[in-house]
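Engineer: Generate coordinates for the sequence data below:
(one chain, ligands or ions: 2)
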Amino acid sequence: MIQDNPLQKSLTAGQTTVGPFCKMSEPTIYELAGLAGFDFAIIDMEHGPLGFETAQQLVRTCELAGISPVIRIPANQAEYVQRALDIGAHAVQAPEINTPADAQRLVDAAKFHPVGQRGVCRFVRAAQYTQIDKQKYFGLANRGQLVVAHIEGQTGFENLDAILTVTGIDVLFIGPYDLSQSLGVPGQTDHPRVQDAMTDIVNRSRAAGKTVGTFVETSEQAVHWMNRGVLYIAYSVDVGLLLEAFRSVVESVRPSDQA
Ligand code: 3PY
Ligand code: MG
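Structural biologist: Ligands and ions are numbered 1, 2, ... in the order given. As a prediction, this is how the structure comes out:
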């Protein structure tokens, strides 16, 4: 429920939060994420097959599992922002924010008046299908549903200071993979050019008083960024984590002469 957003509570308290990107449609995965102690799961609609009907069921599952459902939308378009928030996501995460105009467009779509121009409908899950009082819903939604903006291109990096002036973005999220491609070293997320840009984004965003997030694939990377004040850690992807677990079982039981 948007009145009870554990991710927001933790970030507001300055606590580190961790959760995986998830591409699977099986609700059990999200229950497992909750049981494992993650703070949130990012239902990934940018990459992979998930659609909004499935996403709504997964939002419900996350809430039952005690974690915050975040939805990464396919693109920074108002109709995606609105639908993700209408089905009750605790945060909407938008890819490729490259200019202050992109950031403003995201905020306009995510917030009701007076902050933005989010399309108005109370007959949606976020408003408990009109159960939440008419006078209260719009303010509740504006306060209780977070906005996460991906900075993941050279243009976004160059425009960071201007993007940071836009109010209404709760988390600046660095996408190391898209950033690496944009900086000319696709996939080389450990490349100094990428790491230096990431460090610079973290430092400038934090100096502007913003919460920062990024994507990691190892606990060393998580600790590295947590030590630099990154509070929103997206840790790997459900399918990759499962593959790793499967592979380690196979490697541990298969005799080396059969490998
Ligand atoms: C990226 O790395 O580009 C992402 O969007 C998150 O992994
Ligand atoms: Mg990306």
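
Engineer: alpha carbons only for contacts and neighbour counts from here, please
Structural biologist: OK.

Engineer: Strands of this structure, start to end?
Structural biologist: Under the criterion DSSP state E, the chain contains strands at 17-22, 40-44, 68-72, 91-94, 146-151, 171-174, 211-216, 232-237.

Engineer: just so I know, which of those strands lies nearest ligand 1?
Structural biologist: Of all those, strand 211-216 sits nearest to ligand 1, with 5.0 Å by Cα to the nearest ligand atom.

Engineer: Quick one: name the residues of the stretch 101-250 of the chain near ligand 1.
Structural biologist: For the stretch 101-250 of the chain, the residues in contact with ligand 1 (Cα under 6 Å from any ligand atom) are 152, 175, 176, 177, 178, 215.

Engineer: Filter those residues down to the ones in helices?
Structural biologist: Using DSSP state H, the subset of these located in helices is 176, 177, 178.

Engineer: so which of these is the most crowded?
Structural biologist: residue 176 (25 neighbours; other Cα atoms under 10 Å).

Engineer: So which residues of the stretch 51-200 of the chain form helices?
Structural biologist: 52-64, 78-86, 100-110, 134-144, 154-158, 160-164, 176-182, 192-207 (DSSP state H, counting those that start in this stretch).

Engineer: Same list, those, but as TSV with mean pLDDT and distance to residue 122 please.
Structural biologist: Shown next, in TSV, are the helices of the stretch 51-200 of the chain (pLDDT from 0 to 100; distance: least, Cα to Cα, whole Å):
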stretch	mean pLDDT	distance to residue 122
helix 52-64	98	16
helix 78-86	98	8
helix 100-110	98	15
helix 134-144	95	8
helix 154-158	98	34
helix 160-164	98	31
helix 176-182	98	36
helix 192-207	98	34
